[in-house]
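In: below are the sequence and a predicted model; questions follow.
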Amino acid sequence: MAETSPPLRQFLRFAKRQAWLIALVPVLTVAASAFIVQREASVYRASMGIGVAESGARPPLGSPALMQTMKNILKSNVVAQGVVTQLGLPISSAALSKKIRVQYQPDSSVLNVSYDSTDKSEALSVVGQTGVEFQRVAHERLGVSDSFKRPGPLLIVASVVDPPHLEAGRVSPQPKQTLAFAAILGLALGLILAYARESLDDRIRSRDEAEKAFGAPVVGVLPRGFSHQPSTKGPPQPRQEAQQALQTLCANLEAASSGDDGSTFLVTSPLERDKPADVVANLAVALARGGHDVLCIDADVHRPTLDRLLGVSARTHGLFSVVEDGIPAEAALEEVALAGPSTNGQANDASRARPGGRLLLLPAGAPPADGTAVISSQRLLEIVVQLSARSRYTLIHSPGLLSHMSGAASIAADVDSVLVVARQGRTRREWAENVRLTLKALGTRKIALILTDVRTIGD
């Protein structure tokens, strides 16, 4: 089996598959944030500084306990009620107290008081009146003065050292910071959604996943569109990339069956939509053009297609006739005219094929009128044994294992190898598991995979 891909490569493949979702979520998040920011009212901040000191202290700075006491007075309901009453604000004293912020540094004796509002004049008025009410309440309750002019052994002074003023700019909204945060949040959310989507999607996406799901090695990968529409002059001519992929597949099969005797392969798939017939047709032509004698048997009793794919005229006689009517198998065979591959992608005359290459087809033929006949596994095996002696390779096309069970699938234990066709991005892991269990129950000796619809050879 192929080695597991490095984590970085796996992530890049994941990102490529889910790129649209990973990109869409940040775009939507930024667009929504921009819409909200555009409609949001501007908020401004007014602030002032109140210095606190003790005349008997050295240096004359406010102690932590005194600073906390002054902060509590500034945040008190009494000060807030005075501000509400003096300014006639449509807000309760408790609500106003929560909106007024008071902060100080541990090594400082200055209380920083601030208030945010969408109205600049209101923000200034609230901060200024808060300072006035604070000094009134502090003087009445604690005898706090606003200067050191009065004599006494210990005097607490609280005075405005930084007059009420509007801070530069606005507190909110801040479009740049908001949109940047929205983009980062959207990207993180997009990755999470993409990962969740990827986790819920059980389609096979790579060679590694195919080998794990089927429990079998991949012997060949074929690109998308590897099979062109057949012409009336012969079998289809693949593109250059597909030709190279087919040559690699042929080489792997030749290496796996290096004995002198002929090799038989049952080519099937989880479902018929995986198009195993296309693989059989192209693989047979590639092997024959490589100088080998190849026999194809179309054992799909439901939708026989090999004759059309190989450019052979439809015939009445075929596998059904051999089984049901007793016609000799040799009489039902049809030789496929091979047009050799060329560098410009067009078919040339048959002389371009390597000497000795011959392709024979036993089509399915016309089924009985009632359409209910099923070829028995024993009879099919007898035909395979009889005909395979004249060919180096015998390819038996079987319908999808999960769609139709037929005699073709039942001889899985009697062939040299079963080739399972799976489509990248289409075949599901659940289907792969069912195929693996089905072939195990049939006593299959050897299983290999052919992965099709691969976007980039090497994935």
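Out: That came through fine. Residues are numbered from 1 along each chain as shown.
In: from here on, contacts and neighbour counts on C-alpha atoms
Out: OK.
In: which SS class is the nearest residue to Val267 once chain neighbours are set aside?
Out: Spatial nearest neighbour of Val267, excluding adjacent residues (CA to CA, 6 or more residues apart in numbering): Leu419 at 4.7 Å. With DSSP: H, G, I helix; E, B strand; the rest coil as the basis, Leu419 sits in strand.
In: surely Lys120 meets Tyr44?
Out: Yes. If you go by CA atoms under 8 Å, Lys120 and Tyr44 touch, sitting 6.1 Å apart.
In: overlap in contacts, those two.
Out: Counting by CA atoms under 8 Å, 6 or more residues apart in numbering, the shared contacts of Lys120 and Tyr44 are Leu166.
In: who has more neighbours out of the two?
Out: Higher neighbour count among Lys120 and Tyr44: Tyr44, with 23 against 17, using other CA atoms under 10 Å.
In: related to what we said a few turns ago, burial measure for the residue nearest to Val267, as a count.
Out: Around Leu419 there are 26 other residues, counting by other CA under 10 Å.
In: next one: Ile204
Out: By the criterion of other CA under 10 Å, Ile204 has 23 neighbours.
In: please list all residues in contact with it.
Out: With CA under 8 Å, 6+ apart, Ile204 has these contacts: 210, 423-429.
In: any idea how far apart the tips of stretch 142-158 sit?
Out: Terminal residues of stretch 142-158 are spaced 11 Å apart (CA to CA, to the nearest Å).
In: try stretch 34-52
Out: End-to-end distance of stretch 34-52: 44 Å, with CA to CA as the criterion.
In: please state the offset of the host helix or strand of Ala158 from the chain centre?
Out: Per DSSP states H and E: Ala158 is located in strand 156-166. In this view, strand 156-166 has its centroid 59 Å away from the chain centroid, taken as CA atoms, centre = their mean, to the nearest Å.
In: which positions within the helix or strand in which Ser125 is found qualify as buried?
Out: Element membership for Ser125 (DSSP H and E) is helix 120-142. Neighbour-count burial for helix 120-142, counted by 16 or more other CA atoms under 10 Å, picks out 120, 122-139.
In: and if you look at stretch 16-24?
Out: 18, 21-22.
In: next secondary structure after the strand holding Ala158?
Out: Later in the chain than strand 156-166, the nearest helix or strand by DSSP H and E is helix 175-200.
In: tell me what the next helix or strand after that next one is packed against?
Out: Downstream of helix 175-200, the first helix or strand assigned by DSSP H and E is helix 207-214. If you count contacts as 3 or more CA pairs under 8 Å, 6 or more residues apart in numbering; DSSP states H and E, helix 207-214 packs onto strand 218-223, helix 429-441, strand 447-454.
In: how about these in CSV, adding distance to Ala158, mean neighbour count and mean pLDDT?
Out: Output for the helices and strands packed on helix 207-214, formatted as CSV (distance: least, CA to CA, whole Å; neighbours: other CA atoms under 10 Å; pLDDT from 0 to 100):
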stretch, distance to Ala158, mean neighbour count, mean pLDDT
strand 218-223, 82, 23, 91
helix 429-441, 76, 17, 91
strand 447-454, 78, 22, 92
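In: who wins for proximity to Gln86 among the ones you listed?
Out: Among the helices and strands packed on helix 207-214, helix 429-441 comes nearest to Gln86, with 74.4 Å by CA to CA.
In: taking strand 447-454 as reference, get the angle to that closest one.
Out: Inter-element angle recorded for helix 429-441 and strand 447-454: 150 degrees (by axes from the mean of the first three to the mean of the last three CA atoms, to 10 degrees).
In: okay, now the unreliable bits of the stretch 351-459 of the chain?
Out: Within the stretch 351-459 of the chain, the ranges that satisfy pLDDT under 70 run 351-356, 367-376, 404-407, 456-459.
In: ok, 50 please
Out: Scanning the stretch 351-459 of the chain for pLDDT under 50 picks out 351-353, 370-372.
In: give me the mean pLDDT for the helix or strand hosting Leu246.
Out: Remark: Leu246 resides in helix 240-256, with elements defined by DSSP H and E. Helix 240-256 shows a mean pLDDT of 86.
In: what comes into contact with that helix?
Out: Here helix 240-256 makes contact (CA under 8 Å, 6+ apart) with 219-223, 226, 282-283, 286-287, 345.
In: 6 Å - rerun?
Out: Helix 240-256 has contacts (CA atoms under 6 Å, 6 or more residues apart in numbering) with 220, 222, 226.
In: how is this protein partitioned into domains?
Out: Following automatic domain parsing, one finds the domains of the chain at 7-40+173-200, 44-166, 207-454.
In: and those domains, which is most packed in?
Out: Mean neighbour count (mean count of other CA atoms under 10 Å) peaks for domain 207-454 among the domains of the chain, with a mean of 19.
In: pLDDT below threshold where in this structure?
Out: For the chain, the stretches with pLDDT under 50 are 1-3, 151-153, 228-233, 342-353, 370-372.
In: contacting residues for Arg170?
Out: Contacts for Arg170 (CA under 6 Å, 6+ apart) come out as 43-44.
In: how close does Leu309 sit to Val336?
Out: Leu309 is 11 Å from Val336, by CA to CA.
In: show me what contacts the residue lying closest to Tyr104 once chain neighbours are set aside?
Out: Leaving aside its sequence neighbours, Tyr104 sits nearest to Leu111 (CA to CA, 6+ apart; 5.0 Å). Counting by CA under 6 Å, 6+ apart, Leu111 makes contact with 49-50, 103-104.
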